[in-house]
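A.B. asks: give me a 3D structure for the following:
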Amino acid sequence: MSATSVQELVGERRIFVRNATGLVRNARLLDVSVFNAAGTTVIPYATGLFYIFTIFPRANLLAAIAIGGALSAITWGCLALLTATMPRTGGAYIFNSRILSPIAGFVADWLDLISSVLAMALWTTWFATVGLSSAFSAWGALENSPTVSNWASAMTQHGWEFGLGVALTVAMFGLAAVSLKKSLRVQNLTFFLSVGGLVVGMLVMLFTSRASYIAHFNHFAQPYTHVKDSYHAIIAEAVKAGYTTAGGYSASQTIGALFVVFTTSIWAWSSMYVSGEMRGARSVRRQVIAMVGTGTFQISLFFLATLLFYTTAGHTFFVANNYLNTVGKSPLPSPPYYTLLAAVAAGSPVIVGIILFTFVLNIWCGFWQLVWQTSRQIFAYSFDGILPEKFAEVNDRTHQPVFTLAILGIACIAMTAWATFAVNFFNVWAYVGLFAFVMLALTSISAIFLPVRRRQDYESSGAKISVLGIPVIQILGVGSLAVSVFYFYLAFHYPALLGTATVLQSIIAILVVAASAVLIFTVAKIYRDRRGTPLAYAFEEIPPE
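C.D. replies: Sure, this is the predicted structure:
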């Protein structure tokens, strides 16, 4: 029997599936930092952040980005300290099940897992409908290529959407099963190229005057708007569709906009789930850099990019363009993402190509962020004995949980089919953020109780830092819990933020998924008790590395 299939026993007590995870600490600080920003920096900036103008057209987005970033930093700091204390595969599940309650820890993390599996389908379908379609449509219009424009139309057909989603899934999970190092190299490459494309777009806007930009846009848009002054026609059309420019910024709408800032930006803590494979994971400094540093970079990039687009294209025009696109009334041949708006003024086909097609590469690293995280969540449940042991198997050569990756890949294809062919998928999509924030709220409570309930672990960690005699992790825990409560307040106070879902439907969805977790945990407990290896034993210890 190999080392990765030995069961750990203490006396007559079986604790874990085996005495070592079989995973290897191959991830560098750079790798986990990129991982934390991989799925929230480029495409979510283009597609998600500006959705807010449909609900809050008078929101001051720059202020919302700055405030949202500052509040998110509290959660990043809280989870950085927790991770440095218990750097194990499974992240929040390990924290909550060891500090608070095994069943509560599993239920909260199961909600986060389900939200991530649902989100996978967004990335796989986005490959065709957001990535390739927007790139092809913009290139076809800007470079006057009907052939490429036809490719864009093809990408919106269900066959291409599903087929490309499946191809992406097979490639992603196949590489993940073969090598973590290679997966991280591709993650870094696609991330830096896609962010590089955004930076090129920002530079175009920086060196383009307002008058020059309007002239470029009018020349581009006239064939689609059929008026010479397309720039102002877009604004007028948005006003006709319900957008208002009167009254200036609204404080209440800016506060409401924080919901979308959180939804697109708060996830810079994702590496806590893979900390069992991070080098130097016990270092508070490294965890702070990976989470707080990465989150700050991301928020700063959002702020600067938005400021440049406002300055050059004009705030009213920029908002009006995004408003029309979101309500389905844009006359333009391509969504007004930063890719199109910057490419309009680029001039050079080479620069246009860089801006448009590096955008597509973000699909890979964004999808990968979910694959690495979810596979390790399932691995951790199995390692403790909640799920069948098969899910904790690790290949001796690749050091990857191949079976878990295979099952996740199949689930992802099923989710892709649902998102492609069923109209009700996006009703469910509204619940994703809510599920994850349940986990964040409970994890914040764990941070508050860490110095009390796991004193030895806290005392021996680098997270033992106090201000006026109060542990910093408790201060951050209280602040992070407040951020999570604030998120739920926004969601339920402004029901339009939930899309097609109602508040009652959202609450029911949380309860149904939580109930499924309780059922799984109860069945596992009964099964383990009857075999004489009680599940409770695992939660008395922090898992081995």
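A.B. asks: pull out the buried positions in the longest helix along the chain.
C.D. replies: Secondary structure of the chain per DSSP state H: the longest helix is helix 349-384. For helix 349-384, a neighbour-count test (16 or more other CB atoms under 10 Å) marks 351-384 as buried. To be clear about C-beta, it is placed using only N, CA and C from the backbone, and glycine gets the same treatment.
A.B. asks: then stretch 501-515?
C.D. replies: Result for stretch 501-515 [16+ other CB under 10 Å]: buried residues 501, 506, 509-510, 513-514.
A.B. asks: check the offset of it from the chain's centre.
C.D. replies: 21 Å (CA atoms, centre = their mean, to the nearest Å).
A.B. asks: what do you get for stretch 107-116?
C.D. replies: 13 Å.
A.B. asks: now do stretch 177-190
C.D. replies: Using CA atoms, centre = their mean, the offset of stretch 177-190 from its chain centre is 18 Å.
A.B. asks: enumerate every residue touching residue 48.
C.D. replies: 260, 263-264 (CB atoms under 8 Å, 6 or more residues apart in numbering).
A.B. asks: quick revisit: so which of the buried residues of stretch 501-515 sit within helices?
C.D. replies: 506, 509-510, 513-514.
A.B. asks: out of these, what pair is the most spread apart?
C.D. replies: Within those, 506 and 514 form the most distant pair, 12.6 Å apart (CB to CB).
A.B. asks: those helices in the stretch 51-200 of the chain, which residues are they?
C.D. replies: Listed in chain order, the helices of the stretch 51-200 of the chain (DSSP state H, counting those that start in this stretch) span 52-55, 61-85, 92-99, 102-126, 133-142, 146-155, 158-178, 180-206.
A.B. asks: alpha carbons only: can I get the first one in PDB?
C.D. replies: Same thing as helix 52-55. Only the C-alpha atoms of helix 52-55 are listed here, as PDB (Å, rounded to 0.1, in the frame of the first residue of the first chain):
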ATOM      1  CA  ILE A  52     -24.800  48.600 -11.700                       C
ATOM      2  CA  PHE A  53     -25.800  51.500 -14.000                       C
ATOM      3  CA  THR A  54     -29.000  49.700 -14.900                       C
ATOM      4  CA  ILE A  55     -30.200  49.800 -11.300                       C
END
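A.B. asks: residue 30 and residue 372: what is the separation?
C.D. replies: Distance from residue 30 to residue 372, counting by CB to CB, to the nearest Å: 15 Å.
A.B. asks: now swap in residue 403 and tell me
C.D. replies: 16 Å.
A.B. asks: in contact with the nearest residue to residue 66 once chain neighbours are set aside, which residues?
C.D. replies: Distance criterion CB to CB, 6 or more residues apart in numbering; nearest residue to residue 66, sequence neighbours excluded, is residue 303 at 6.3 Å. Going by CB under 8 Å, 6+ apart, residue 303 touches 62, 65-66, 69.
A.B. asks: and what of residue 151?
C.D. replies: 132, 136, 140.
A.B. asks: residue contacts, the residue lying closest to residue 395 once chain neighbours are set aside?
C.D. replies: Closest residue to residue 395 apart from its sequence neighbours, by CB to CB, 6+ apart: residue 402 at 5.0 Å. Contacts for residue 402 (CB under 8 Å, 6+ apart) come out as 177, 393-395.
A.B. asks: can you give me the pLDDT of residue 16?
C.D. replies: Reported pLDDT at residue 16 in the predicted model: 63.
A.B. asks: likewise the one 4 residues further on?
C.D. replies: The confidence metric pLDDT takes the value 68 at residue 20.
A.B. asks: now the one 5 residues further on
C.D. replies: The per-residue pLDDT reported for residue 25 equals 90.
A.B. asks: same check on residue 32?
C.D. replies: 97.
A.B. asks: hmm, it is touching residue 273, no?
C.D. replies: No - using CB atoms under 8 Å as the test, residue 32 is too far from residue 273 to be in contact (10.3 Å).
A.B. asks: one step back: buried ones in the helix or strand just after the longest helix of the chain?
C.D. replies: Downstream of helix 349-384, the first helix or strand assigned by DSSP states H and E is helix 402-421. By neighbour count on 16+ other CB under 10 Å, the buried set for helix 402-421 is 402-405, 407-409, 412-413, 415-417, 419-420.
A.B. asks: tabulate those (TSV), appending distance to residue 215.
C.D. replies: Below are those laid out as TSV (distance: CB to CB, whole Å):
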residue	distance to residue 215
402	56
403	59
404	55
405	52
407	55
408	50
409	49
412	46
413	47
415	45
416	42
417	46
419	40
420	40
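A.B. asks: which one of the residues you listed sits closest to residue 316?
C.D. replies: residue 419 (34.1 Å).
A.B. asks: quick one: the closest one from residue 129, how far?
C.D. replies: For residue 419, the distance to residue 129 equals 10 Å [CB to CB].
A.B. asks: so residue 471 makes contact with residue 452?
C.D. replies: No - proximity of residue 471 to residue 452 does not meet the contact threshold set by CB under 8 Å, at 9.4 Å.
A.B. asks: on that earlier part again, most tightly packed of the helices of the stretch 51-200 of the chain?
C.D. replies: By mean neighbour count, with neighbours taken as mean count of other CB atoms under 10 Å, helix 92-99 ranks first of the helices of the stretch 51-200 of the chain at a mean of 26.
A.B. asks: just list what that helix packs against, helices and strands only.
C.D. replies: helix 102-126, helix 349-384, helix 432-453 (3 or more CB pairs under 8 Å, 6 or more residues apart in numbering; DSSP states H and E).
A.B. asks: what do you get if the cut-off is 10 Å, keeping everything else the same?
C.D. replies: Under the contact criterion of 3 or more CB pairs under 10 Å, 6 or more residues apart in numbering; DSSP states H and E, helix 92-99 touches helix 61-85, helix 102-126, helix 349-384, helix 432-453, helix 455-459.
A.B. asks: tell me the mean pLDDT over stretch 372-379?
C.D. replies: Stretch 372-379 comes out at a mean pLDDT of 97.
A.B. asks: need the CA coordinates for that stretch. PDB is fine.
C.D. replies: Extracted in PDB, the C-alpha atoms of stretch 372-379 (Å, rounded to 0.1, in the frame of the first residue of the first chain):
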ATOM      1  CA  TRP A 372      -8.500  24.600  -8.200                       C
ATOM      2  CA  GLN A 373     -10.600  25.900  -5.400                       C
ATOM      3  CA  THR A 374     -13.500  23.500  -5.700                       C
ATOM      4  CA  SER A 375     -11.400  20.400  -6.200                       C
ATOM      5  CA  ARG A 376      -9.600  21.200  -2.900                       C
ATOM      6  CA  GLN A 377     -12.900  21.800  -1.100                       C
ATOM      7  CA  ILE A 378     -14.200  18.400  -2.100                       C
ATOM      8  CA  PHE A 379     -10.800  16.800  -1.300                       C
END
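A.B. asks: need the contact list for residue 280.
C.D. replies: 25, 27-29, 84, 87, 286-287 (CB atoms under 10 Å, 6 or more residues apart in numbering).
A.B. asks: change it to 8 Å
C.D. replies: Residue 280 touches 29, 286, counting by CB under 8 Å, 6+ apart.
A.B. asks: where does it land in three-state SS?
C.D. replies: When classified by DSSP: H, G, I helix; E, B strand; the rest coil, residue 280 comes out as coil.
A.B. asks: mind checking pLDDT for it?
C.D. replies: For residue 280, the model assigns a pLDDT of 95.
A.B. asks: what does residue 534 give?
C.D. replies: For residue 534, pLDDT reads 89.
A.B. asks: which residue packs closest to it, ignoring adjacent ones?
C.D. replies: Per CB to CB, 6+ apart, closest to residue 534 is residue 528, 5.8 Å.
A.B. asks: how many neighbours does residue 89 have?
C.D. replies: 25 (other CB atoms under 10 Å).
A.B. asks: show me the contacts for the nearest residue to it once chain neighbours are set aside.
C.D. replies: Spatial nearest neighbour of residue 89, excluding adjacent residues (CB to CB, 6+ apart): residue 276 at 3.2 Å. For residue 276, the contacting residues are 21, 23, 25, 87-90, 376, 545, by CB under 8 Å, 6+ apart.
A.B. asks: before we move on, what about residue 431?
C.D. replies: Neighbours of residue 431 in contact, by CB under 8 Å, 6+ apart: 115, 118, 501, 506, 509-510.
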